[in-house]
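Student: Dropping the sequence and predicted coords here.
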Amino acid sequence: MVAAAPKLATQPVEGSACEIFSIKPRHSLIWSAETAVNIFIKRLDPGRAGARVAVKDTIDFAGLPTAAGSRALADAKPATRHALVVHRLLESGCVIVGKTNLHELAFGATGINDWTGTPLNPHYPDRVPGGSSSGSAAAVAAGEADFALGTDTGGSIRVPAACCGVYGLKPTFGRISRAGVAPAATTLDCVGPLAASVHWLSRAMEILDPHFSIESPRTPVLGVVTVDVIPDIATVVARTLAASCLSLRTVVLPGMKEAFSAGLAIINAETWAAFGPLITTGLVGEDVAQRLRSASTTTADQVVDAEVVRARFQDEVDAALEQCDVLVLPTLPVEPPLLSEARANRSSVNLTALVRPFNLSGHPALSMPIPGDRTIASIQLVGRRGADALVCGVAVLLVDAITSTQGFPKPS
């Protein structure tokens, strides 16, 4: 039996972080109802205690419409039942604190949304929150939730996690149910958690997948993937990995760029199939409308070619992971763009250069922030398909190594 939906709150919950919440990670920022409102499409009053979870507005919650941050879907009928992942959360005793904002139709990497408002990036307020799961990343960065659910079709969990300085996991494709998640048909999209620590990330996976149990390898070998990134990020990542004292070996994935292009072809074809008809309403934001129009030109032959690349790149990643326990590389090739920069180039598709290939291949991939450096950088860990628990275990080892050797406080 599906659990009853928590009571809807038409006003901010009294005394909650929606009214005032102070954080001082790298900037001093006072949260107010005015600034925090863009994190949530709708706040919920759970009416009881439990682990606080925020849920992206592409995931059905009984009694509320799933509008995917789009004015074109503002009149959608309320969902009649919870998505399976929401049902599992409620059944485990979690409380849903709200549905989170996103880049419209989950089709963008910056998180900028001129209809619902752009969520403020709690740690870096002058920079984009990242997309498409912008509100989910901002919610955990701001302490509004213990963990949040996002979706990741081409980096949409890992990019905002990196932009907001939190942890995010794209599970192995197909591992977590997408029943009740938009779009209904996809060969790329995954539901996954975002959190302020690996502990909460792993706890979320235990709830979403009863078979998940974190693995703790004693002496993992990390395959450091050679990629093109700005020098500052390359330096920070290399220094962090060296300080971990874990075993490192260099890995080359020649098919990364080809996999990126193939991933774009498939996401364009599938997103056009799901949301293309909304163009005729005239209500889709112009940046997403432009991307949809471009997506409409994707041909069947391009998709067939992309599937050939998918199979080849899967084999390439599998072969690399025979030589090491996980692959490691930066999450983003650059620092999160300033909001002003992103508005000048609304697509910012380059942000997904290092994450999108692993949507194509289906491998689990986790983004973890590098603390205490002036350069905003994150590390991405990629594991064998089905080895999500090992990826989380290696993340724990890296966090422990970094905090012990560099003196940073360990996230709780």
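Tutor: Looks like it came in fine. Residues are numbered from 1 along each chain as shown.

Student: can we go C-alpha only for contacts and neighbour counts from here?
Tutor: Will do.

Student: Would you map out the domains in this protein?
Tutor: What automatic domain parsing lists as the domains of the chain is 20-208, 221-406.

Student: all helices of this protein, in order?
Tutor: Counting by DSSP state H, the chain has helices at residues 33-36, 84-91, 134-141, 158-164, 198-208, 231-244, 256-275, 286-295, 300-320, 339-344, 356-361, 388-406.

Student: so how far is the third one from its chain's centroid?
Tutor: A distance of 9 Å separates the centroid of the chain from that of helix 134-141, by Cα atoms, centre = their mean, to the nearest Å.

Student: quick one on the thing from earlier: what's the closest of the domains of the chain to residue 214?
Tutor: domain 221-406 (4.4 Å; Cα to Cα).

Student: can you list the domains of the chain in JSON lines and add mean pLDDT?
Tutor: Converted to JSON lines, the domains of the chain look like this (pLDDT from 0 to 100):
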{"stretch": "domain 20-208", "mean pLDDT": "92"}
{"stretch": "domain 221-406", "mean pLDDT": "95"}
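
Student: okay, the ones you listed in a markdown table with distance to residue 215 next?
Tutor: Converted to a markdown table, these look like this (distance: least, Cα to Cα, whole Å):
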| stretch | distance to residue 215 |
| --- | --- |
| domain 20-208 | 10 |
| domain 221-406 | 5 |
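
Student: Which stretch among those is buried most, on average?
Tutor: domain 20-208 (a mean of 24; mean count of other Cα atoms under 10 Å).

Student: Now for the residue nearest the centre of the chain: which residues touch it?
Tutor: The chain has residue 157 as the residue nearest its centroid, 0.7 Å off, counting by Cα atoms, centre = their mean. Residues near residue 157 by Cα atoms under 8 Å, 6 or more residues apart in numbering: 131, 132, 133, 137, 150, 151, 168, 169, 170, 192, 193, 194.

Student: for residue 151, same thing?
Tutor: 56, 58, 132, 133, 157, 170, 189, 190, 191, 192.

Student: Greatest separation within those: which pair is it?
Tutor: 58 and 170 (15.7 Å).

Student: List the neighbours of stretch 66-73 that are in contact with it.
Tutor: 41, 57-60, 74-79, 101-106, 113, 115-116, 182, 278, 281-285.

Student: Ends of that stretch, what's the gap?
Tutor: 8 Å (Cα to Cα, to the nearest Å).

Student: Repeat that for stretch 116-128.
Tutor: 15 Å.

Student: ok, back up a step: of the contacts of residue 157, which belong to strands?
Tutor: 150, 151, 168, 169, 170, 192, 193, 194 (DSSP state E).

Student: mind putting these in CSV, distance to residue 299 included?
Tutor: What follows is those, written out as CSV (distance: Cα to Cα, whole Å):
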residue, distance to residue 299
150, 29
151, 25
168, 32
169, 31
170, 28
192, 30
193, 33
194, 34
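
Student: quick check, nearest of the contacts of residue 151 to residue 332?
Tutor: Nearest to residue 332 among the contacts of residue 151, with distances taken as Cα to Cα, is residue 157, at 12.2 Å.

Student: how close does the closest one sit to residue 380?
Tutor: 12 Å.

Student: Then residue 136?
Tutor: Separation of residue 136 from residue 380 (Cα to Cα): 18 Å.

Student: How about residue 138: what's its closest non-neighbour residue?
Tutor: Nearest residue to residue 138 in three dimensions, chain neighbours excluded: residue 121, at 5.9 Å (Cα to Cα, 6 or more residues apart in numbering).

Student: The one you found contacts residue 128, doesn't it?
Tutor: Yes: using Cα atoms under 8 Å, residue 121 is in contact with residue 128, at 6.4 Å.

Student: Need the residues touching each of those two.
Tutor: By Cα under 8 Å, 6+ apart, the residues touching both residue 121 and residue 128 are residue 163.

Student: Contact partners for residue 95?
Tutor: By Cα under 8 Å, 6+ apart, the neighbours of residue 95 are 6, 46, 48, 49, 50, 51, 52, 53, 89.

Student: out of everything not next to it in sequence, what's closest to residue 156?
Tutor: Nearest to residue 156 is residue 132, by Cα to Cα, 6+ apart, at 4.7 Å.

Student: before we move on, what about residue 244?
Tutor: residue 401 (4.9 Å).

Student: Distance-wise, check that neighbour relative to residue 68.
Tutor: 39 Å.

Student: Same check on residue 377?
Tutor: Taken as Cα to Cα, the span from residue 377 to residue 68 is 28 Å.

Student: swap in residue 313?
Tutor: 31 Å.

Student: Could you do residue 94 as well?
Tutor: From residue 94 to residue 68 the distance is 23 Å (Cα to Cα).

Student: and what of residue 183?
Tutor: Distance from residue 183 to residue 68, by Cα to Cα: 10 Å.

Student: Find residues that contact each of the two.
Tutor: What both residue 183 and residue 68 touch, as defined by Cα under 8 Å, 6+ apart, is the set residue 58.

Student: so residue 243 makes contact with residue 403?
Tutor: No: the criterion here is Cα under 8 Å, and residue 243 misses it with residue 403 at 9.8 Å.

Student: Am I right that residue 388 is in contact with residue 175?
Tutor: No: assessed by Cα under 8 Å, residue 388 is found out of contact with residue 175, at 9.3 Å.

Student: mind checking the backbone torsions on residue 333?
Tutor: phi -80, psi -10 (degrees, to the nearest 10).

Student: so what's it up against?
Tutor: 228, 229, 230, 233, 350, 351, 353, 354.

Student: Can you tell me the closest non-neighbouring residue to the second one?
Tutor: Closest residue to residue 229 in three dimensions, ignoring its sequence neighbours and counting by Cα to Cα, 6+ apart: residue 333, at 4.3 Å.

Student: what about the one you found, distance to residue 244?
Tutor: On the measure of Cα to Cα, residue 333 and residue 244 end up 21 Å apart.
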